[in-house]
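> test case, fold it:
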Amino acid sequence: MIAMTTLRRTLTLTLLTLLAACSDGPKVSQDAKVIEDAGALRPETVGSSEMVFESEQAVADVKPGSVIVSGASDNAPYGFLKRVKSKSEVDGATVLSVEDAQLTDVVEEADVSLSGALNPSASPRPRLAAKGLDLSARGITVYAPGESADLPDACADKDFRVAFEATEAAPYVTVTGCVGFSSNFIFDLEIEHFQATRAEFVVDSKIGSALALKSDVELASINQKTELARFDVDPINFQIGPIPVVIVPEIVLVMGVDGKVDVNVDISASHELSAQVGLLYADNRWSTVNESQQKFDMPLPQGDGSANARVYAGPEMEFMFYGVAGPGANIYVFSRMNADVDAVNPAKSNYELWAGAQAGASFRVEVFDKTLFKIHESNLIGYEGLIASSEYDGLAPPGTGRVIGVIGDAMQGKLVSGDDILRDNLSGELVDLLKGLAANEDDSDGGYTVAEANARPRWRELKIAGRCLQPDYVGHLAMIRPVACNGGDKQKWWWDTNGAVHPKANAKLCMDGLGVTPGVNLALWGCHGGDNQAWIFEDGRMRNKRSESLFVTYEKDIFNWLDYAQLKSLKENTDKQFAQWGQEERVNGVAASHFRPLKSARSGLCLGVQTGSASPELQACGNASQQLWFYDSVARTLYNAAGDCLSHHGENYNGATLFVETCSASANQTFEFADGAIKTTSDAAIVVDAYGSEDGAMVGQWMFHGGANQLWLWAE
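The predicted model follows:
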């Protein structure tokens, strides 16, 4: 993996508003001691746990329990805010043993409002490289405006232009592109009676990017994030009464790629995003700010090969208070391509083009108020829209998208202008080609694995007692019946990754449960994404996500609902079960019919646990009972052949521990298999995460980002 590269640019910081007052002015604690940055009064050394003063005069009135605070100085460029634990004399100097303090230790009442702009310098340098840094040795080339005809056309007006080899092991996989951004921020803090009552942090950013991926190598796996630029920003200095406050913004611009590519594929996209993300603490609870508007252009993929890859770019920013992490945000735009390109016979090409954004905010509050949560963070915007697919007549239908990796209190992340913007900005060449593909469908059924998160359609018959499912006609409200099998398109069905079942005769229609009352019929309906159109296949039977059950009776040869109590006897009634869904078993809510290894999509190693241990880990795949798993999608439990269940003990956050223990039917042992990931039911944003790719790597919990280390597949 290429070492991360540090590139530096300056930012122009404009403070629009700065207030630090309440009705009677701020009030501060008598324990607060302001250390002057003047000659012998300044500290000689400043450490995280110890400070040394040559002059005892500077700290004459300081005692254990005092809180000392200072603005920026030569020895403390971020200033400091420390509580004194002890005071001693050593060789004529005064030594203070200290620990981090909070603003509410020194401020009794205050109302602080900050807003400003963080923008790249208007005078770009010819190169972004830090002095003396050899980028070529790291496989990274940074271009000045006007350089490199190989960059996408949309890069003409972008400051940050780069090309890099994605991995050392695959030197013929390259990413080229550019990105530019501008950001405004808002920060508000209200303190009453030595306690924070309101805290708000919001970032408003505009990001533009153009990214391209090219491969000349076979079966390359990519997982690389490259730092494009690290910005130096002057500290923000202000006063709350006599208390100096120092904020240092830190901003890093990154580009990355992850996924797999095959021979001679060239895919690209340009992207514009306006996003506002942030967190607000008020009335003793956290809420979120999250809005986004996006615009894409994705030309026709070129070459002859396949790719299932995601390319992303954007800024990561953090506001350091006295050098301690405070609020932060990250905002990425990304494009994802699942493509098989056939240069000889374009009609056999098959692909999906997705674009979207992910943005998050965090608020590490230990520097503000020890009574608040230690940290609060949210993945605020996580949305990708299907722009085009060879399975549609041209562009994807309006609203074809999905929310990805967001938590319960932040599910408003969306495309404000939606698919109309996408539709207006797709290249005409792509639209024409996709229409042609839809008219010349490839019926091939091979070559695709369960690891593909958005696999191409695989048309299969659904049988019961030797007869095939078929609608009376291909249209709205057509009843579905079991009839003699004839191999026709009306009897072939595709179960997509969202759980919908489409007839091949018209993939825009979906199998629909017309109601949840026992006895109602099953029919075709226009696809709308509702739960009554989502289906789960397990144990040789099929059930509806909304009603929990589907069963076949032969009264008038129409499928009818039965309630869950009647479904319990289904296993004993084997002549009325659906046949297994071929080999199309996925981790999307589908229970395997027997215990199987569960593989990490990144490493190919299996989920397991050492004998006598309760900690899950990655292991070389074998047949040990601790490595063979079964997912019960009714009880939503994942248990192994040794009889133990995966559990999270009710704790869901980045780095939280997982356990393998005796099954107890506890809610802590329930998980949902969706989007190729294993999600905790108590927080759908937290998933089972492989922390490494080596044998013995720990498996725990982390916020969902869609990386290969968070995707799992059943082994054959």
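> low-confidence ranges in the stretch 201-350 of the chain?
Applying pLDDT under 70 to the stretch 201-350 of the chain flags residues 216-223, 232, 260, 262-263, 298-301, 341, 343, 346-349.
> just say helix, strand or coil for E291.
Secondary structure state of E291, per DSSP: H, G, I helix; E, B strand; the rest coil, is strand.
> ok, it touching A275?
Yes. Contact criterion Cβ atoms under 8 Å: E291 and A275 qualify, at 7.1 Å. For glycine as for every other residue, the C-beta is placed from the backbone atoms N, C-alpha and C.
> looking at these two, which is more packed in?
Ranked by neighbour count (other Cβ atoms under 10 Å), E291 and A275 place A275 first, with 27 against 15.
> what sits against that one?
Contacts for A275 (Cβ atoms under 8 Å, 6 or more residues apart in numbering) come out as D204, S205, I207, N290, E291, S292, Q293, I331, A357, A359, I381.
> state whether the last one is indeed within a helix.
Put plainly, it is I381. No. Going by three-state DSSP, the assignment for I381 is strand, not a helix.
> okay, now it: neighbour count?
Around I381 there are 32 residues (other Cβ under 10 Å).
> that one and V501, how far apart?
I381 sits 30 Å away from V501, taking Cβ to Cβ, to the nearest Å as the criterion.
> give me the beta-bridge partners of V688?
Q701 (DSSP bridges).
> pretty sure it sits against A677.
Yes. The pair V688 / A677 is scored as a contact, 7.1 Å apart, by Cβ under 8 Å.
> weed out the non-buried ones from the contacts of A275.
Among the contacts of A275, those scoring as buried are D204, S205, I207, N290, S292, Q293, I331, A357, A359, I381 (criterion: 16 or more other Cβ atoms under 10 Å).
> and the third one, which helix or strand is it part of?
Here I207 is covered by strand 195-215, with elements defined by DSSP states H and E.
> given that strand, what are its sheet partners and their directions?
In the sheet, strand 195-215 lines up against strand 173-192 (antiparallel), strand 265-282 (antiparallel) (DSSP bridges).
> pull out the buried residues from the first one.
Residues of strand 173-192 classed as buried by neighbour count (16+ other Cβ under 10 Å): 173-181, 183-192.
> distance of G323 from S48?
Distance, G323 to S48, using Cβ to Cβ: 9 Å.
> how about L509?
For L509, the distance to S48 (Cβ to Cβ) stands at 64 Å.
> also D512?
Distance from D512 to S48, by Cβ to Cβ: 62 Å.
> need the contact list for L189.
Contacts of L189 (Cβ under 8 Å, 6+ apart): L103, A110, D111, V112, A196, R198, A199, E200, F368.
> that one bridge partners, please.
Beta-bridge pairing of L189 under DSSP bridges involves V112, A199.
> and the contacts of A275, which two are furthest apart?
Pairwise distances across the contacts of A275 (Cβ to Cβ) peak at 15.1 Å, for the pair I207 and N290.
> V254 against A313, yeah?
Yes. Look at V254 against A313 with Cβ under 8 Å: they come within range, at 6.8 Å.
> overlap in contacts of these two?
Joint contacts of V254 and A313 (Cβ under 8 Å, 6+ apart) are L228.
> these two: which is more packed in?
A313 (31 against 19).
> what distance do you get for that one to K214?
Between A313 and K214 the computed distance is 16 Å (Cβ to Cβ).
> now W714
Relative to K214, and taking Cβ to Cβ, W714 is found at 33 Å.
> may I have the beta-bridge partners of V98?
Bridge pairing for V98 (DSSP bridges) gives the partners V84.
> what about it, how many residues nearby?
By other Cβ under 10 Å, 23 other residues sit near V98.
> so for V688 and A677, which residues contact both of them?
With Cβ under 8 Å, 6+ apart as the test, V688 and A677 both reach Q710, W712.
> just the buried members of the contacts of L189?
L103, A110, D111, V112, A196, A199, E200, F368.
> ok, those residues vs G303, which is closest?
Of those, the one sitting nearest to G303 (Cβ to Cβ) turns out to be E200, at 47.9 Å.
> show me what contacts the closest one?
Residues near E200 by Cβ under 8 Å, 6+ apart: I186, F187, D188, L189, G278, L279, L280, Y281, A282.
> one more pass at 7 Å, please.
Shown in contact with E200 (Cβ atoms under 7 Å, 6 or more residues apart in numbering): I186, F187, D188, G278, L280.
> quick check: beta-bridge partners of the last one?
Translated: L280. Residues in beta-bridge contact with L280 (DSSP bridges): E200, S287.
> gap between it and T288?
The gap separating L280 from T288 is 7 Å, by Cβ to Cβ.
> please apply the same query to the third one.
D188 sits 15 Å away from T288, taking Cβ to Cβ as the criterion.
> would you list the phi and psi of N709?
phi -70, psi -10 (degrees, to the nearest 10).
> what about it, neighbour count?
Number of residues near N709 (other Cβ under 10 Å) recorded here: 23.
> likewise for N330?
20.
> so it bridges to which residues?
Beta bridges link N330 to E316, G360, judged by DSSP bridges.
> quick revisit: please say which of G323 and S48 ends up with more neighbours.
Legend: neighbour count by other Cβ under 10 Å for G323 and S48, higher for G323 (19 against 12).
> for the more buried one, give me its contacts.
Each residue near G323 by Cβ under 7 Å, 6+ apart is listed here: Y78.
> and what of F659?
Applying Cβ under 7 Å, 6+ apart, the residues contacting F659 are A614, S647, H649.
> kindly report the same for F201.
By Cβ under 7 Å, 6+ apart, the residues touching F201 are F187, G278, L279, P327, A361, F363.
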